[in-house]
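S.K.: Return a 3D structure for these sequence lines:
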Amino acid sequence: MNIILIGAQGSGKGTQAERLAHSLGMHHVSSGDLFRKESEAGTEFGKQAQSYFDRGELVPDDLTVAMVLKHILSDKYVHDGVLLDGFPRTIAQAKALDQGLLRVGRSIECSLYLEVPREELLHRLSGRYICRAHQHVYNIETNPPKNPGICDLDGSELYQRADDKGEAIQKRLDTFFNETIRLLDYYEQQHKLQTVNGNQSIEQVSQSLIDAVQGCRK
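M.R.: Okay, here's the model as predicted:
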């Protein structure tokens, strides 16, 4: 089964993607992680993507789609489902993904939307911290580390991203609610959308997502 997890920044999407992929025995594929790995490895994809990052620009759809398809259509994933996190972000990316999967007889069977009110997203993002080593996510109120400022998993320093502050937060949320949110209609029309209340405890959201996946299978 191939699944897409949709959610605004601060919705808990990264945390829930890891938990859900583990529960279902799937590969968790984060577009952000793929870009970082390609950049660190010095691949052509990585070099091209980094040039956009350095200018503070979004990576173009064609480059993003090519990189993601390269990974999820590789031998590593051929016999297992994938859980896509952070991709697609636009209708154009979603259509290109469908076309790429169709060429090898695969498709997206389920899309899950983590619904959280904008006011709550703003509140969460203002308290979000990320570890420098592997980008594990914490929140000083809802998911604090055992030791302040230190990642529980790898002991690296926690920091707050520049785009999790002030006007940058508003701009990121504007992008989601003006653009990415359109994916809901796209997958609803295909009868592949399940909406989950993301304004619950981490454990409750995890269980709701598992239940939603079962709904996709019916």
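
S.K.: what about the nearest residue to His28 once chain neighbours are set aside, neighbour count?
M.R.: In space, not counting the residues next to it along the chain, His28 is nearest to Ala21; the distance is 3.7 Å by CB to CB, 6 or more residues apart in numbering. Every residue, glycine included, has its C-beta placed from N, CA and C. The number of residues packed around Ala21, counting by other CB atoms under 10 Å, is 19.

S.K.: Quick check: pLDDT value at Ala21.
M.R.: Predicted confidence (pLDDT) at Ala21: the value is 94.

S.K.: check contacts around it.
M.R.: Residues in contact with Ala21, defined by CB atoms under 8 Å, 6 or more residues apart in numbering, are 27-28, 83.

S.K.: residues of the helix or strand of the chain with the lowest mean pLDDT that come out buried?
M.R.: Counting by mean pLDDT, DSSP states H and E, the chain has its least confident helix or strand at helix 44-54, which shows a mean of 82. Going by neighbour count (16 or more other CB atoms under 10 Å), the buried part of helix 44-54 is 45-46, 48-50.

S.K.: Measure how far it is from the centre of its chain, please.
M.R.: Offset of helix 44-54 from its chain centre (CA atoms, centre = their mean, to the nearest Å): 19 Å.

S.K.: which secondary structure elements does the helix or strand following that helix contact?
M.R.: Past helix 44-54, further along toward the C-terminus, the next helix or strand under DSSP states H and E is helix 61-72. Helix 61-72 makes packing contacts with strand 27-30, helix 31-41, helix 44-54, strand 82-85, helix 91-102 when contacts are defined by 3 or more CB pairs under 8 Å, 6 or more residues apart in numbering; DSSP states H and E.
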